[in-house]
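Student: Sequence first, then the predicted structure, then my questions.
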Amino acid sequence: QPIKVVAALFGLTATYVSMLRSRARAEGSTGLVRRLGRPPKLSGRQVLQAREWASAGWTQQAIADKFGVARSVISELLARVGPAPVQQLLPSATQPTEQPTEQPTGQPTEQPTGQPTEEPTGQAMGEPVVAEPESGPVPAEPAEPAEPAEPVGQVAGAFTGSSRIGSGTYPCRYAGAMLLHPYLHRVGAEAIFATLAGGPARRYDDLAVLTTAAVGFALGIDTVEGSKHLRRSEAGAAVGLAIVPELKTLRTRLGALADGADPLGLQRAFAAAMLTADPAADPVYFVDDHFVPYSGAQPVGKGWNTKRRHAQPGRDDTLVIDARGRAVVFGSGEPSGLVSTLPAVLTQLREVLGPDPAILLGFDRGGAYPSAFRACRDAGADWVTYRRAPLVKATVTPRRSWTVRDGKRISVMLADEIVELKGYGSARQLTLFDNDLPVLQILTSDLTATGASLLCWLRARWRIENMFKYAAAHNGIDTLADYLMDLGADTRKVSNPARVAARKIVAAAEADLVAAERALPQLLAGSGSPKQMNAALPKVHKQIQIASRALEHAKTALRPIPAKVLATDLDPHAQRARPRLERRGLQMVLRLLAFNAEAWLAEHFNAYLADPNEYRAILRHLLHLGGQVDYTNTAITVTLDRPDSPRVARALKLLAQELNATP
C-alpha cells in the first residue's frame, strides 16, 4: 500500500511511516522497537571509524577528542571489540614495494619508529620562559576551548611523551604559573627529576607527571585529588603539555615514581642546587618538629599535638630552613621529640653544605637537652636555644650589647658568662635583663658572635613557625597523601601496668609509715598522763615497725619489675600501623619545591612592589593570571593579562624584564 494510505489508516504521519519502513529494511523487526536505556555514545559508523583509527596507531585520547567523548568510552569499546584488522597492501606493478599508509583525515603525521616528536627549546622545565605583561586593558576571559587533538604516541622503548606540545598558540588561565619556571631551571629540576623512574607509560613521561604535580601545588591544590578542579587543557599549556594527566593517571604514576625513589636524597639535591644558585648570606638555620594529626582508623603512633594540648595519633615532620625561610631538608616518621630527630636532619644538612661551611642551628626549648647539644658538636655545628626553666642566677654584671638589623641599631642589656652543663660541658649563657630584672636566658656554643646578634637570631626562629603555617595553608604539607599502611606487631615498649601497680603499693606503704611516725610525737605531746603514754608507746612503736617492714617488702617487690615492656607482651594481638612514607615523601619534595619557587619569585617581585605585608598574597594570585602561551621550535613566549592594579602591573612588568634579561 502507498505510505499515505498506511499513515492515514494508523493515524500517523507519512514521514514517520517512512522512517519505520527504513528501520525494518535495515534492522528487521527489532528496528521497530524503541531501544531502552541510555543511548549509545557512538553510532555504528563512528564505532567502525574508531576501530580503524586505533589500528592505524591513534591513541585512545586522540580518538575520544575527535568524537567529543570521554577516553573511557573508547577504552571500553576497544576492549570489547578491538581495533579493526589491518590488511597489508599488495604491491603492484606501478607502485613501489614500500608504500606509506595514508593517515586518516585530521591525524598528525606519525614520526618514524624511535624518533621523538620535535619539541621546542625550553620545553616544560628545561629553560626559563619569556614573560611579558600585556600592555592593553584586561581582556575578557575567553570561552573554554576544545581540548586539542593528541599527537601520535611512540612505541615502547622510544617513549618521550605523546602529549608534549610541539608548536602553536594556546590560551591559558594559569599563564602566571609559568613565572615559576625560571626558578625550576636555576635549580636544575629537569636533571634531578631524571633520576626517578616510574616504569613504562604511554602518554605522559615522568617529567610531565612531576611538573604537573609541582605546578599544581604552587597553584594551591591541597592534594593530588585537587588536580581535577584544574582546566586540564589550559593547565597543560603552563607545563608544555597538550593536556595534563587526569586524576587517576596522576595518582597512579606518582605512586609508581615514589615506590622506587629516595625522597630525602631528592630533597638534598634540590637544596644543594638552590644554595649553589642563590647562596644564603648568613650561615643560620632553624630546625623544629611539626606534628600532623591523623584522624583515620588505623592504629598509628601517638604524639603530642601542641595546638590542642593533648596526645593523639599522627606523624612527625622535622624541617630545616635557612635564614630566609627557604626549606632545605626534612625528615618524616613516627611521633617523637626534637632530641630524637635532630641528629638525622643535621646529618642531611651537613651533606648538603659540605664538611667545611659554618652552621649556626637555632631551635626552641624542645631540643634544649645535652644529647641535642652533643649531636650538634659532633656535626661541627654551633647551636643556640632558650634555657629550660627554672632560670639560674647570673654571676656577672650585665652589660650593654648591640647589633644592626635591617639598618636599625638594636641595643640590649645582657649578662654574658660561661656555665657548665651536665652531660655536655662548657657553654655560653646570655641572660637578658629588662628593668634590672632577668627575663630570658639563652644557651649557645658560639663564642665569637655578639650577644645581641645571637638574641636577634633566636627571636627570628619564628620564621620556621611562619613557614609551617604558610605551607600548610597554601601547599598542603599537612594533607594525607596515601591511605596505604603496613600493619605489624607492635614492638614498642610501653609502661608496665605491673610496675604502676607496684609503685602504688610503695606509695601507700610510705603513707602508712609517715602516719605511724607522726603518731609518736602526737602521743608524747598529748594531754595524757605519763602512765597512759607509757602504756600506749609499745603499740605505736609496733605500728612503726610494721609500716617499715611493709615498705621494705613493697620496695623489694618493685625492683625486679621492668618499667617498660613490649606491647605484645601485654597483648599478643597488639598491632601498629606504619605509613608508607615514600609516597608522602615524594609529594613533600614537590610541595617544598613549589614553596621555595614561590618564595624566590616573591622576593624578586617585592623588589619592585615594595609591599612587605601583602607581596606574598599578591604574587600567589598572580600565579592564576590568565594569558596566552606561544610555543615555537626556538622559544616559548608568554603574554600575561594586565592586572587591574597599576602598581601591581608596573611591578610585574619590571619582574618580566628581569626574567627576560637572564636567560
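Tutor: Cool, got the structure.
Student: for the protein, what helix or strand is lowest in average pLDDT?
Tutor: strand 130-133 (a mean of 50; mean pLDDT, DSSP states H and E).
Student: What's the first helix or strand after it?
Tutor: strand 168-172 (DSSP states H and E).
Student: and that following strand, what does it pack onto?
Tutor: helix 232-237, strand 627-631 (3 or more Cβ pairs under 8 Å, 6 or more residues apart in numbering; DSSP states H and E). C-beta coordinates here come from the backbone N, C-alpha and C atoms, glycine included.
Student: now for the first one, which elements pack on it?
Tutor: The elements that helix 232-237 packs onto, with contact taken as 3+ Cβ pairs under 8 Å, 6+ apart, are strand 168-172, helix 206-218.
Student: Distance from that helix to the middle of the chain?
Tutor: 22 Å (Cα atoms, centre = their mean, to the nearest Å).
Student: That one: which residues count as buried?
Tutor: Within helix 232-237, the residues that count as buried by 16 or more other Cβ atoms under 10 Å are 232-237.
Student: Repeat that for stretch 432-444.
Tutor: Quick answer for stretch 432-444 (16+ other Cβ under 10 Å): 432-433, 438, 440-444.
Student: Now render those residues as JSON lines, adding pLDDT, secondary structure and distance to residue 578.
Tutor: Converted to JSON lines, the buried residues of stretch 432-444 look like this (pLDDT from 0 to 100; DSSP: H, G, I helix; E, B strand; the rest coil; distance: Cβ to Cβ, whole Å):
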{"residue": "432", "pLDDT": "94", "secondary structure": "strand", "distance to residue 578": "44"}
{"residue": "433", "pLDDT": "93", "secondary structure": "strand", "distance to residue 578": "49"}
{"residue": "438", "pLDDT": "91", "secondary structure": "strand", "distance to residue 578": "46"}
{"residue": "440", "pLDDT": "92", "secondary structure": "strand", "distance to residue 578": "40"}
{"residue": "441", "pLDDT": "94", "secondary structure": "strand", "distance to residue 578": "39"}
{"residue": "442", "pLDDT": "95", "secondary structure": "strand", "distance to residue 578": "38"}
{"residue": "443", "pLDDT": "96", "secondary structure": "strand", "distance to residue 578": "35"}
{"residue": "444", "pLDDT": "96", "secondary structure": "strand", "distance to residue 578": "37"}
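Student: from those residues, which is closest to residue 60?
Tutor: When these are compared for distance to residue 60 (Cβ to Cβ), residue 444 wins out at 63.0 Å.
Student: Now do residue 194: how many residues are near it, please.
Tutor: 12 (other Cβ atoms under 10 Å).
Student: all numbers from here: first residue = 244
Tutor: Let's use 244 as the start, then, which means that last one is residue 437.
Student: Tell me if I'm right that it and residue 450 touch.
Tutor: Yes - the criterion here is Cβ atoms under 8 Å, and residue 437 meets it with residue 450 at 7.3 Å.
Student: List the contacts of the residue most central in space within the chain.
Tutor: Nearest residue to the geometric centre of the chain (Cα atoms, centre = their mean): residue 831, 2.9 Å. Residues in contact with residue 831 (Cβ atoms under 8 Å, 6 or more residues apart in numbering) are 506, 510, 560, 573, 575, 720, 724.
Student: so what's the last one closest to, chain neighbours aside?
Tutor: Nearest residue to residue 724, sequence neighbours excluded (Cβ to Cβ, 6 or more residues apart in numbering): residue 827, at 3.9 Å.
Student: hmm, back to that, which one of the helices and strands packed on strand 411-415 lies closest to residue 539?
Tutor: Of all the helices and strands packed on strand 411-415, helix 475-480 comes closest under Cβ to Cβ, at 30.0 Å.
Student: average pLDDT across the closest one?
Tutor: When pLDDT is averaged along helix 475-480, the result is 91.
Student: and the residue nearest to the centre of the chain, that one's in a helix?
Tutor: Yes - the assignment for residue 831 is a helix, going by DSSP: H, G, I helix; E, B strand; the rest coil.
Student: still on that earlier bit, identify the farthest-apart pair in the buried residues of helix 475-480.
Tutor: 475 and 480 (10.1 Å).
Student: Would you format the contacts of residue 831 as TSV with distance to residue 733, pLDDT and neighbour count included?
Tutor: Putting the contacts of residue 831 into TSV (distance: Cβ to Cβ, whole Å; pLDDT from 0 to 100; neighbours: other Cβ atoms under 10 Å) gives the following:
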residue	distance to residue 733	pLDDT	neighbour count
506	26	93	20
510	30	95	24
560	23	91	20
573	26	94	24
575	20	88	19
720	28	91	26
724	24	80	24
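Student: quick one: low-confidence ranges for the stretch 444-593 of the chain?
Tutor: The stretch 444-593 of the chain contains no residues with pLDDT under 70.
Student: I'd like the distance between the residue of the chain most remote from its centre and residue 622.
Tutor: Distance to the chain centre peaks in the chain at residue 774, reaching 83.4 Å (criterion: Cα atoms, centre = their mean). For residue 774, the distance to residue 622 equals 77 Å [Cβ to Cβ, to the nearest Å].
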